[in-house]
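A.B. asks: Mind looking at a prediction? Sequence and model below.
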Amino acid sequence: MIGTGLAVYVDYGAMVNRIACRFVLISTNSSSPLFCGTEMSLKVYIAGELVDKADAKVSVFDHGFLYGDGVFEGIRVYNGRVFLMDEHIARLYESALAIRLEIPLSPAEMIEAVNKTVVANGITEGYVRLVISRGAGTLGLDIRRTSNPQVIIIADTISLYPPEMYRDGLKVITASTIRNHAGALSPRIKSLNYLNNILAKIEATDTGCIEALMLNAQGEVAECTGDNIFIVKDGVLKTPPPEAGILEGITRGAVMGLAKQAGLAVQEVAMVRHDIYIADECFLTGTAAEVIPVVDLDGRKIGSGTPGPVTKDLLERFQTLKTGG
Ligand code: PMP
(Lines give C-alpha, C1' and ligand atoms only; values in the text may rest on other atoms or scores of the structure.)
Protein backbone atom coordinates (compact mmCIF):
# COMPACT_ATOMS: atom_id res chain seq x y z
CA MET A 1 0.00 0.00 0.00
CA ILE A 2 2.75 2.41 0.95
CA GLY A 3 4.70 1.39 -2.12
CA THR A 4 1.70 2.23 -4.29
CA GLY A 5 1.45 5.65 -2.70
CA LEU A 6 5.10 6.32 -3.29
CA ALA A 7 4.86 5.34 -6.95
CA VAL A 8 1.97 7.76 -7.43
CA TYR A 9 4.04 10.50 -5.81
CA VAL A 10 7.06 9.95 -8.03
CA ASP A 11 4.99 9.89 -11.17
CA TYR A 12 2.47 12.62 -10.65
CA GLY A 13 3.74 15.03 -8.04
CA ALA A 14 2.81 16.35 -4.66
CA MET A 15 -0.87 17.09 -5.15
CA VAL A 16 -1.71 13.49 -5.99
CA ASN A 17 0.77 12.42 -3.37
CA ARG A 18 -1.02 14.26 -0.56
CA ILE A 19 -4.24 12.49 -1.46
CA ALA A 20 -2.38 9.18 -1.56
CA CYS A 21 -0.88 9.91 1.83
CA ARG A 22 -4.27 10.43 3.42
CA PHE A 23 -5.50 7.22 1.84
CA VAL A 24 -2.56 5.21 3.15
CA LEU A 25 -2.98 6.51 6.67
CA ILE A 26 -6.68 5.81 6.80
CA SER A 27 -6.67 2.47 5.08
CA THR A 28 -3.67 0.79 6.63
CA ASN A 29 -3.34 2.53 9.98
CA SER A 30 0.26 3.02 8.93
CA SER A 31 2.62 4.24 11.61
CA SER A 32 5.20 5.41 9.12
CA PRO A 33 5.65 9.14 9.78
CA LEU A 34 8.67 9.21 7.53
CA PHE A 35 6.59 8.26 4.52
CA CYS A 36 4.04 10.95 5.19
CA GLY A 37 6.70 13.50 6.17
CA THR A 38 8.63 12.86 3.00
CA GLU A 39 5.70 13.15 0.68
CA MET A 40 4.31 16.22 2.44
CA SER A 41 7.67 17.96 2.00
CA LEU A 42 7.43 21.39 0.51
CA LYS A 43 8.92 21.79 -2.94
CA VAL A 44 10.78 25.03 -3.40
CA TYR A 45 11.60 26.49 -6.80
CA ILE A 46 15.26 27.42 -6.90
CA ALA A 47 17.80 27.60 -9.73
CA GLY A 48 15.06 26.62 -12.16
CA GLU A 49 14.13 23.41 -10.36
CA LEU A 50 11.69 22.22 -7.75
CA VAL A 51 13.61 20.73 -4.86
CA ASP A 52 12.77 19.55 -1.36
CA LYS A 53 12.61 22.35 1.22
CA ALA A 54 15.70 20.95 2.97
CA ASP A 55 17.71 21.15 -0.25
CA ALA A 56 16.68 24.71 -1.16
CA LYS A 57 19.83 26.62 -0.29
CA VAL A 58 21.61 29.82 -1.28
CA SER A 59 25.21 30.84 -0.77
CA VAL A 60 26.17 32.72 2.39
CA PHE A 61 27.92 35.09 -0.05
CA ASP A 62 24.60 35.96 -1.69
CA HIS A 63 24.08 39.68 -1.30
CA GLY A 64 20.44 39.00 -0.50
CA PHE A 65 21.73 37.42 2.70
CA LEU A 66 24.68 39.75 3.30
CA TYR A 67 22.91 43.05 2.58
CA GLY A 68 19.20 42.47 2.01
CA ASP A 69 20.06 43.18 -1.63
CA GLY A 70 17.10 41.86 -3.58
CA VAL A 71 13.37 42.17 -4.06
CA PHE A 72 10.35 40.07 -3.22
CA GLU A 73 6.61 39.61 -3.54
CA GLY A 74 3.95 37.95 -1.42
CA ILE A 75 0.97 36.67 -3.37
CA ARG A 76 -2.20 34.87 -2.33
CA VAL A 77 -3.67 31.77 -3.88
CA TYR A 78 -7.44 31.46 -3.65
CA ASN A 79 -9.41 28.57 -5.12
CA GLY A 80 -6.26 27.32 -6.83
CA ARG A 81 -5.88 30.64 -8.64
CA VAL A 82 -2.92 32.98 -8.08
CA PHE A 83 -4.70 36.19 -7.13
CA LEU A 84 -3.75 39.38 -9.01
CA MET A 85 -0.69 37.64 -10.43
CA ASP A 86 -0.05 40.19 -13.20
CA GLU A 87 -0.06 43.09 -10.75
CA HIS A 88 2.38 41.36 -8.41
CA ILE A 89 4.69 40.34 -11.23
CA ALA A 90 4.66 43.88 -12.63
CA ARG A 91 5.60 45.30 -9.20
CA LEU A 92 8.37 42.71 -8.82
CA TYR A 93 9.99 43.78 -12.09
CA GLU A 94 9.58 47.46 -11.20
CA SER A 95 11.26 46.89 -7.83
CA ALA A 96 14.08 44.98 -9.57
CA LEU A 97 14.54 47.75 -12.13
CA ALA A 98 14.81 50.34 -9.35
CA ILE A 99 17.67 48.46 -7.69
CA ARG A 100 19.38 47.60 -11.01
CA LEU A 101 18.72 43.89 -10.59
CA GLU A 102 18.21 41.95 -13.77
CA ILE A 103 15.82 39.07 -13.20
CA PRO A 104 17.03 36.07 -15.21
CA LEU A 105 13.47 35.10 -16.27
CA SER A 106 10.98 36.98 -18.42
CA PRO A 107 7.70 37.94 -16.72
CA ALA A 108 5.94 35.18 -18.71
CA GLU A 109 8.49 32.62 -17.55
CA MET A 110 8.11 33.88 -13.98
CA ILE A 111 4.34 33.42 -14.13
CA GLU A 112 4.83 29.90 -15.42
CA ALA A 113 7.31 29.12 -12.63
CA VAL A 114 4.91 30.44 -9.98
CA ASN A 115 2.02 28.36 -11.34
CA LYS A 116 4.23 25.29 -11.53
CA THR A 117 5.33 25.70 -7.90
CA VAL A 118 1.76 26.17 -6.71
CA VAL A 119 0.58 23.02 -8.52
CA ALA A 120 3.59 20.96 -7.39
CA ASN A 121 2.72 21.75 -3.78
CA GLY A 122 -0.99 21.11 -4.18
CA ILE A 123 -1.80 24.60 -2.91
CA THR A 124 -5.36 25.73 -3.49
CA GLU A 125 -5.60 28.19 -0.59
CA GLY A 126 -2.22 29.61 0.26
CA TYR A 127 0.55 32.07 -0.19
CA VAL A 128 3.45 32.42 -2.60
CA ARG A 129 6.69 34.11 -1.62
CA LEU A 130 8.78 35.14 -4.60
CA VAL A 131 12.33 36.17 -3.77
CA ILE A 132 14.95 37.49 -6.16
CA SER A 133 18.34 37.95 -4.56
CA ARG A 134 21.33 39.68 -6.12
CA GLY A 135 23.36 36.46 -6.16
CA ALA A 136 26.70 35.48 -4.68
CA GLY A 137 29.53 37.99 -4.73
CA THR A 138 32.45 39.26 -2.73
CA LEU A 139 32.15 40.68 0.77
CA GLY A 140 32.07 44.18 -0.72
CA LEU A 141 28.97 46.04 -1.91
CA ASP A 142 29.87 46.15 -5.60
CA ILE A 143 27.04 44.61 -7.62
CA ARG A 144 29.42 44.14 -10.56
CA ARG A 145 31.19 41.50 -8.51
CA THR A 146 28.07 39.43 -7.99
CA SER A 147 26.66 36.84 -10.34
CA ASN A 148 23.67 34.54 -10.76
CA PRO A 149 20.71 36.33 -9.19
CA GLN A 150 18.62 33.67 -7.47
CA VAL A 151 14.93 33.22 -8.21
CA ILE A 152 13.24 31.45 -5.31
CA ILE A 153 9.55 30.60 -5.16
CA ILE A 154 7.93 29.18 -2.05
CA ALA A 155 4.28 28.12 -2.16
CA ASP A 156 2.84 27.30 1.21
CA THR A 157 -0.27 27.60 3.30
CA ILE A 158 -0.82 30.77 5.31
CA SER A 159 -2.33 31.12 8.75
CA LEU A 160 -4.95 33.82 8.79
CA TYR A 161 -5.40 36.38 11.52
CA PRO A 162 -8.07 35.14 13.95
CA PRO A 163 -11.65 35.78 12.72
CA GLU A 164 -12.41 37.95 15.77
CA MET A 165 -9.89 40.53 14.52
CA TYR A 166 -11.98 40.96 11.36
CA ARG A 167 -15.18 41.06 13.40
CA ASP A 168 -14.03 43.40 16.21
CA GLY A 169 -11.23 45.35 14.56
CA LEU A 170 -7.62 46.00 15.51
CA LYS A 171 -5.98 48.32 17.95
CA VAL A 172 -2.94 49.98 16.39
CA ILE A 173 -0.22 52.24 17.81
CA THR A 174 1.93 54.81 16.05
CA ALA A 175 5.54 53.70 15.94
CA SER A 176 8.33 56.12 16.79
CA THR A 177 10.34 54.58 13.95
CA ILE A 178 9.60 56.68 10.86
CA ARG A 179 9.14 55.10 7.44
CA ASN A 180 12.22 55.08 5.23
CA HIS A 181 12.77 58.41 3.49
CA ALA A 182 11.98 57.95 -0.19
CA GLY A 183 15.24 59.69 -1.04
CA ALA A 184 17.16 57.05 0.89
CA LEU A 185 15.33 53.82 0.08
CA SER A 186 11.98 54.30 -1.58
CA PRO A 187 9.17 52.41 0.15
CA ARG A 188 7.80 51.86 -3.37
CA ILE A 189 10.54 49.25 -3.79
CA LYS A 190 9.57 45.95 -2.20
CA SER A 191 13.13 45.19 -1.25
CA LEU A 192 14.50 42.36 0.85
CA ASN A 193 15.60 44.98 3.36
CA TYR A 194 12.64 45.18 5.75
CA LEU A 195 14.46 46.33 8.87
CA ASN A 196 12.62 49.66 8.86
CA ASN A 197 9.31 47.81 9.05
CA ILE A 198 10.62 45.24 11.52
CA LEU A 199 11.73 47.95 13.97
CA ALA A 200 8.23 49.44 13.89
CA LYS A 201 6.66 45.99 14.19
CA ILE A 202 8.69 45.38 17.35
CA GLU A 203 7.15 48.52 18.83
CA ALA A 204 3.70 47.18 17.94
CA THR A 205 4.17 43.74 19.40
CA ASP A 206 5.80 45.19 22.54
CA THR A 207 2.49 46.89 23.25
CA GLY A 208 0.36 43.88 22.32
CA CYS A 209 -0.67 45.17 18.87
CA ILE A 210 -0.13 43.30 15.62
CA GLU A 211 0.31 46.42 13.53
CA ALA A 212 1.90 49.85 13.93
CA LEU A 213 1.23 53.01 11.98
CA MET A 214 4.35 54.56 10.45
CA LEU A 215 4.71 58.27 9.72
CA ASN A 216 7.05 59.75 7.14
CA ALA A 217 9.81 62.28 7.81
CA GLN A 218 7.26 65.12 7.47
CA GLY A 219 5.07 63.60 10.18
CA GLU A 220 2.41 62.54 7.67
CA VAL A 221 0.69 59.18 7.75
CA ALA A 222 2.51 56.72 5.49
CA GLU A 223 1.40 53.14 6.07
CA CYS A 224 1.59 50.29 8.54
CA THR A 225 4.51 47.86 8.78
CA GLY A 226 2.98 45.43 6.29
CA ASP A 227 -0.31 47.04 5.28
CA ASN A 228 -1.70 50.18 3.67
CA ILE A 229 -4.11 52.38 5.61
CA PHE A 230 -7.49 53.84 4.66
CA ILE A 231 -9.99 56.04 6.46
CA VAL A 232 -13.58 56.94 5.77
CA LYS A 233 -14.54 60.53 6.60
CA ASP A 234 -17.91 62.07 5.71
CA GLY A 235 -18.54 59.35 3.14
CA VAL A 236 -15.18 59.78 1.36
CA LEU A 237 -12.57 57.02 1.28
CA LYS A 238 -9.08 58.43 1.84
CA THR A 239 -5.62 56.89 1.69
CA PRO A 240 -2.12 58.39 1.58
CA PRO A 241 -0.67 58.93 -1.92
CA PRO A 242 2.52 57.18 -3.14
CA GLU A 243 4.45 60.42 -2.42
CA ALA A 244 3.75 59.93 1.29
CA GLY A 245 6.34 57.13 1.14
CA ILE A 246 4.33 53.95 0.88
CA LEU A 247 4.40 50.66 -0.91
CA GLU A 248 1.68 50.92 -3.53
CA GLY A 249 -0.14 47.86 -2.27
CA ILE A 250 -1.83 45.55 -4.74
CA THR A 251 -4.69 45.05 -2.27
CA ARG A 252 -4.86 48.85 -1.85
CA GLY A 253 -5.35 49.18 -5.62
CA ALA A 254 -7.97 46.43 -5.69
CA VAL A 255 -9.91 48.00 -2.80
CA MET A 256 -9.80 51.46 -4.39
CA GLY A 257 -11.29 49.88 -7.51
CA LEU A 258 -14.02 48.15 -5.49
CA ALA A 259 -14.83 51.40 -3.69
CA LYS A 260 -15.19 53.27 -6.98
CA GLN A 261 -17.45 50.50 -8.29
CA ALA A 262 -19.55 50.94 -5.15
CA GLY A 263 -19.93 54.63 -5.97
CA LEU A 264 -17.66 55.92 -3.20
CA ALA A 265 -15.49 58.98 -3.68
CA VAL A 266 -11.85 57.89 -3.33
CA GLN A 267 -9.03 60.32 -2.54
CA GLU A 268 -5.28 59.78 -2.34
CA VAL A 269 -4.45 62.57 0.03
CA ALA A 270 -1.81 63.51 2.60
CA MET A 271 -2.99 62.94 6.16
CA VAL A 272 -1.67 63.34 9.67
CA ARG A 273 -2.42 61.25 12.72
CA HIS A 274 -5.19 63.60 13.75
CA ASP A 275 -7.08 62.67 10.57
CA ILE A 276 -7.07 59.05 11.66
CA TYR A 277 -8.14 59.90 15.21
CA ILE A 278 -11.19 61.82 13.96
CA ALA A 279 -12.08 59.43 11.11
CA ASP A 280 -15.47 57.75 10.98
CA GLU A 281 -13.85 54.45 10.01
CA CYS A 282 -10.41 53.03 9.43
CA PHE A 283 -9.08 49.82 7.88
CA LEU A 284 -5.89 48.27 6.57
CA THR A 285 -5.23 46.36 3.38
CA GLY A 286 -2.54 43.86 2.51
CA THR A 287 -2.00 40.55 0.78
CA ALA A 288 -1.82 38.67 4.08
CA ALA A 289 -4.30 40.79 6.07
CA GLU A 290 -6.72 41.31 3.14
CA VAL A 291 -9.10 44.01 4.50
CA ILE A 292 -9.07 44.39 8.26
CA PRO A 293 -10.87 47.04 10.37
CA VAL A 294 -8.99 49.31 12.79
CA VAL A 295 -11.00 50.61 15.75
CA ASP A 296 -8.35 52.27 17.90
CA LEU A 297 -5.18 54.28 17.25
CA ASP A 298 -2.94 55.20 20.19
CA GLY A 299 -5.79 54.67 22.66
CA ARG A 300 -8.19 56.90 20.68
CA LYS A 301 -11.38 55.16 19.66
CA ILE A 302 -12.02 55.59 15.93
CA GLY A 303 -15.65 56.40 15.06
CA SER A 304 -17.99 54.15 17.03
CA GLY A 305 -15.09 51.93 18.12
CA THR A 306 -16.48 49.08 16.01
CA PRO A 307 -15.96 48.22 12.31
CA GLY A 308 -18.02 50.67 10.27
CA PRO A 309 -20.49 50.02 7.43
CA VAL A 310 -18.20 51.11 4.59
CA THR A 311 -15.41 48.90 5.91
CA LYS A 312 -17.78 45.94 6.23
CA ASP A 313 -19.11 46.49 2.73
CA LEU A 314 -15.62 46.68 1.21
CA LEU A 315 -14.55 43.61 3.17
CA GLU A 316 -17.48 41.72 1.71
CA ARG A 317 -16.75 42.96 -1.80
CA PHE A 318 -13.14 41.88 -1.40
CA GLN A 319 -14.23 38.39 -0.31
CA THR A 320 -16.27 38.14 -3.52
CA LEU A 321 -13.42 39.45 -5.67
CA LYS A 322 -10.86 37.02 -4.27
CA THR A 323 -13.05 34.02 -4.92
CA GLY A 324 -13.47 35.11 -8.52
CA GLY A 325 -16.98 36.49 -8.10
N1 PMP B 1 2.96 48.18 2.84
C2 PMP B 1 3.97 47.37 3.18
C3 PMP B 1 5.16 47.97 3.83
C4 PMP B 1 3.90 45.99 2.91
O5 PMP B 1 4.91 45.20 3.24
C6 PMP B 1 2.74 45.48 2.31
C7 PMP B 1 2.63 43.99 2.09
N8 PMP B 1 3.22 43.62 0.90
C9 PMP B 1 1.71 46.35 1.98
C10 PMP B 1 1.85 47.71 2.25
C11 PMP B 1 0.47 45.86 1.31
O12 PMP B 1 0.78 45.56 -0.03
P13 PMP B 1 0.01 44.42 -0.80
O14 PMP B 1 -1.43 44.75 -0.76
O15 PMP B 1 0.59 44.47 -2.17
O16 PMP B 1 0.31 43.14 -0.10
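C.D. replies: Looks like it arrived, so ask away. Numbers count the residues shown, from 1 in each chain.
A.B. asks: What ranges does the stretch 101-250 of the chain have for its strands?
C.D. replies: Counting by DSSP state E, counting those that start in this stretch, the stretch 101-250 of the chain has these strands, from start to end: 126-133, 150-156, 170-174, 212-215, 221-224, 228-233, 236-239.
A.B. asks: what helices or strands is the second one leaning on?
C.D. replies: Read that as strand 150-156. Identification of packing neighbours for strand 150-156 by 3 or more C-beta pairs under 8 Å, 6 or more residues apart in numbering; DSSP states H and E yields strand 43-46, helix 107-120, strand 126-133. Where C-beta positions appear, they are placed from N, C-alpha and C, glycine not excepted.
A.B. asks: just the angle between the second one and strand 150-156, please?
C.D. replies: With axes from the mean of the first three to the mean of the last three C-alpha atoms, to 10 degrees as the basis, helix 107-120 and strand 150-156 are set at 40 degrees to each other.
A.B. asks: Compare the helices and strands packed on strand 150-156 and give me the one nearest L92.
C.D. replies: When those are compared by C-beta to C-beta, strand 126-133 sits nearest L92, at 6.3 Å.
A.B. asks: what residues does that closest one touch?
C.D. replies: With contacts defined as C-beta atoms under 8 Å, 6 or more residues apart in numbering, strand 126-133 is touched by 58, 62-65, 69-77, 82, 88, 92, 96, 101, 103, 110, 114, 117-118, 149-158, 192, 287-288.
A.B. asks: so which of the residues you listed also contact the ligand?
C.D. replies: G74, T287 (C-beta under 6 Å from any ligand atom).
A.B. asks: For PyMOL, write a command that selects the buried ones of the contacts of strand 126-133.
C.D. replies: In PyMOL, a selection of the buried entries from the contacts of strand 126-133 looks like this (16 or more other C-beta atoms under 10 Å):
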select buried, resi 58+62+63+64+65+69+70+71+72+73+74+75+76+77+82+88+92+96+101+103+110+114+117+118+149+150+151+152+153+154+155+192+287
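A.B. asks: For the residue nearest the centre of the chain, give me the pLDDT.
C.D. replies: Of all residues in the chain, the one closest to the mean position by C-alpha atoms, centre = their mean is G74, 3.5 Å from it. Looking at G74, its pLDDT stands at 98.
A.B. asks: I'd say it and A288 touch.
C.D. replies: Yes: G74 is in contact with A288 according to C-beta atoms under 8 Å; the separation is 6.6 Å.
A.B. asks: ok so, going back, take the contacts of strand 126-133 and keep only those in helices.
C.D. replies: H63, G64, F65, H88, L92, A96, M110, V114, T117, V118 (DSSP state H).
A.B. asks: Identify, from those, the entry nearest to the ligand.
C.D. replies: Using C-beta to the nearest ligand atom, H88 comes nearest to the ligand of those, at 7.1 Å.
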